[in-house]
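Peer 1: Need a 3D model of the following:
(chains A and B)
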Amino acid sequence: MIFAIVRTALTALLRDRGALALSFILPIAFFTIFAVIFGGRRDTTPKVAVIVVDQDHSPASKKLIQGLGRESLTVTTGPPARRGVQQPEYTAQTAEAAVRSGTAPVALIIPQGFGEDPISFGAQPRATIQMLKDSSDMVAPQMVAGLLQKVALTAMPDVLAEQGSKYMEAYAGGFTPEQRARIEGGLEQLRRRENTEDDSPQSRLDSDSAMLVPVATRDVVGENKNNPMVSFYAAAIGVMFLLFTSSGAAGSLLDEAESGTLDRILSSRVTMGSLLAGKLCYCSLLAFTQLVIMFLWAWLVFKLDFIPHLAGFAIMGITTAFAVAAFGLLLASICRTRAQLGPLSTLVILIMSSIGGSMFPRFLMPEAMQKAGLLTINAWAIDGFTKVFWRDEPLSHLWPQVLVLLAAGTVFFAIARRAARRWEYS
Amino acid sequence: MASASAIPASTSSLPLRIDGLVKRFARLTAVDGIALQLNRGECLGLLGPNGAGKSTLIRIIAGRVIPNAGHVSVFGDPADSPGARMALGWVPQELALYPRLTCRENLEAFGRYHGLRPGPLKAAVAWCLEWAALAERAGDTVSALSGGMKRRLNMAAGIIHRPKVILMDEPTTGVDPQSRNRIFEMIETLRAEGMSIVYTTHYMEEAERLCDRIAIIDRGRILVQGTKDDLVHHAFASRSEVLARFTAADAGLAAWVSERGGSFDDGAARFTLEHATEIAALLDAAAKAGHEVADISLRRPNLESVFLHWTGRELRD
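Peer 2: Have a look, this model is predicted:
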């Protein structure tokens, strides 16, 4: 009897492609995405981009920059060349602007005079490195700060020792000539070893606990924000659920086709084009309302800075709602039944949301995955909302996101219209 | 006079005219060269078993299926033209309604789809609710209605724009006898208002009660069409039908019935006789052949008999 029940259930499962996909393909797809993101493959571990402005140009600052370059950081000192023309190196101002615009999450400004007194043993240094950070990225600034201290130990041991001896001399009343000669000999050995040593990070000391290099940290993005991640997650979670809602709402088309209501509608003065346009308007309105409620909640409960950003929200909200509504119609129009739409939309939307940054920020992902995310509505919508709510960028800076979402929505709708031709006539 | 194919000369102002209609789905020919016409104020019945091609024919007329060949015109306009859409009302076999909307909201929705403006829409909704005896349930959602009420609302949604020609595709499917009578009364109201109706059914009683003319359809073809009396006369002339049941039914009985020119189906033998007096000879021959008659009845042939005559099958098959 039990065998008969198992057999019946198995037969039903094997005939339900949607259930099969949800049972076996979705878990594998998710596992693969998470494995790639969280370092299943070491060579794809994301490198943190850091802008370095060297105002000192001393041997110590150069060694520090070289040392940072050997770590898992992408150190840049100037913007990429435009149309083959080399751009001038970053200044403190342009580096700050670059962090504001999201080019890099961290910028280090090494001030003039840093090389004269690079290591601090508790005394007030003459020149302190400034770290400008985008606090929406909670990982990169911590990582850079830690690596900076590590590099101080590993990349400039001679400077460290020299500074130590200076402090010793200042506070212990000076060295004898014999002690002085021995210290100089030791420092020379350190300098020689530094020049011949293996460059691999593994060969270096692995301690970043001491604050040897003084750093003054400053938030240049979101410095006045109450909760750095609220706007991100309002957009990220919002877009994911918008996709689910839109595909569900667009599925009414399938209900109408199955019940015969669609035939009755199309026998009236309503054409398939006007029917789909009506559905698109409805789904867009529904999606936009959802976004409004989501952001109002974030404003009321989590103190999101909503009111000053209403214009940007409206632009991003409308374009995002249009794109997700068209995507929902596309999914509905390529399915034959509601039973097909359910598993397909779950599969596609969850994968899009994981790659596109709705589940965790894209800056945590490997570079290839970040690029793949740009194929999703989620990534463009989240980027746009981040520009509005986090970076306080002007509305004119939203054009790439608006353009891509409008274009994607238009293409989705055109494909949906094409697929819906099968319902027009038998 | 009943005829299997010929259509009288007609003008383009006929409510509905169909010529040489053919529709194939892969290897299946669902409609095979059908020609029909519907006169003003007439109710034309399409009588045939399930799968005969009735619904496909209706869907072609409604402009929802494109035929492989042939032509459909509604008051001279091609099917699927804006003029034909407004002139036609379609009551599909399925309950094509919005289940979460109320009766009134459903009627308003379909009225708007037909382009009714607020004033006429309000009047049309009120008329339809009265006509379908749903005025008291106007605020109830479809899912809260009984099967018969849903059917009536389904009909009302098909005529909300007050069309001149109504296509009714088995509107009594799945309803109880009481609801069926209510639906008949609704259709008779429409007829009294002079609307032209095409009514498909596989119930001969419905066709006999409601239709002025009946076209018997089977396997995508119109076998014969005319008034009920025309059809019966064409098939049986003045002959009557005798139904006989025997105490024992076997292969020998079937062979004997066949020899006597009758048909044997479902334990009953069916014969046609010119005169009632021939029954005695029939009973005598049965007795001589060793077949004991359990009961016997004489009746005028009906549409069921006509269908059997033309197809060799029962209508319910």
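Peer 1: Taking the stretch 201-350 of chain A, what residue is nearest to chain B?
Peer 2: Taking Cβ to the nearest Cβ as the measure, the point where the stretch 201-350 of chain A comes nearest chain B is A:Gly260, at 3.3 Å. For glycine as for every other residue, the C-beta is placed from the backbone atoms N, C-alpha and C.
Peer 1: How many residues are close by that residue?
Peer 2: Using other Cβ atoms under 10 Å in any protein chain shown, A:Gly260 has 18 other residues around it.
Peer 1: Worst mean pLDDT across the helices and strands of chain A, which element?
Peer 2: Using mean pLDDT, DSSP states H and E, the weakest-scoring helix or strand in chain A turns out to be helix A:177-196, at a mean of 67.
Peer 1: The helix or strand following it: partners in the sheet, and parallel or antiparallel?
Peer 2: Helices and strands here follow DSSP states H and E; after helix A:177-196, the next one along the chain is strand A:215-221. According to DSSP bridges, strand A:215-221 has the following sheet partners: strand A:129-134 (parallel).
Peer 1: got the buried residues for the strand it pairs with?
Peer 2: Burial within strand A:129-134, assessed by neighbour count using 16 or more other Cβ atoms under 10 Å in any protein chain shown, is assigned to A:129-134.
Peer 1: Write out the residues of the stretch 301-426 of chain A neighbouring chain B.
Peer 2: For the stretch 301-426 of chain A, the residues found near chain B under the criterion Cβ under 8 Å from any Cβ of the partner chain are A:425-426.
Peer 1: remind me which residues of the stretch 301-426 of chain A are low pLDDT?
Peer 2: For the stretch 301-426 of chain A, no stretch is flagged by pLDDT under 70.
Peer 1: for it, what spans make up the helices?
Peer 2: For the stretch 301-426 of chain A, the helices identified by DSSP state H, counting those that start in this stretch occupy A:310-334, A:338-356, A:367-373, A:377-389, A:399-419, A:421-424, in order along the chain.
Peer 1: how far off helix A:338-356 does the longest one point, in degrees?
Peer 2: Our comparison of helix A:310-334 with helix A:338-356, counting by axes from the mean of the first three to the mean of the last three Cα atoms, to 10 degrees, yields an angle of 140 degrees.
Peer 1: Give the buried residues for helix A:310-334.
Peer 2: With burial defined by 16+ other Cβ under 10 Å, the residues of helix A:310-334 counted as buried are A:312-313, A:315-333.
Peer 1: Would you mind giving the domain segments of chain A?
Peer 2: According to the domain assignment given by automatic domain parsing, chain A is divided into the following structural domains: A:42-221, A:225-424.
Peer 1: Secondary structure element for residue 148, which one?
Peer 2: By default, I'm working from chain A. Secondary structure assignment for A:Leu148, by DSSP H and E: helix A:140-154.
Peer 1: I was after chain B.
Peer 2: Mapping B:Gly148 onto the secondary structure by DSSP H and E places it in helix B:147-158.
Peer 1: moving C-terminal of that helix, what's the next helix or strand?
Peer 2: Following helix B:147-158 in sequence order, the next helix or strand is strand B:165-169 (DSSP H and E).
Peer 1: angle of that following strand against helix B:147-158?
Peer 2: On the basis of the same axes, to 10 degrees, strand B:165-169 is oriented at 150 degrees to helix B:147-158.
Peer 1: residues from the stretch 1-150 of chain B in reach of chain A?
Peer 2: Those residues of the stretch 1-150 of chain B that sit near chain A, judged by Cβ under 8 Å from any Cβ, are B:25, B:59, B:62-66, B:82, B:85-86, B:88, B:90, B:92-99, B:110, B:113-115.
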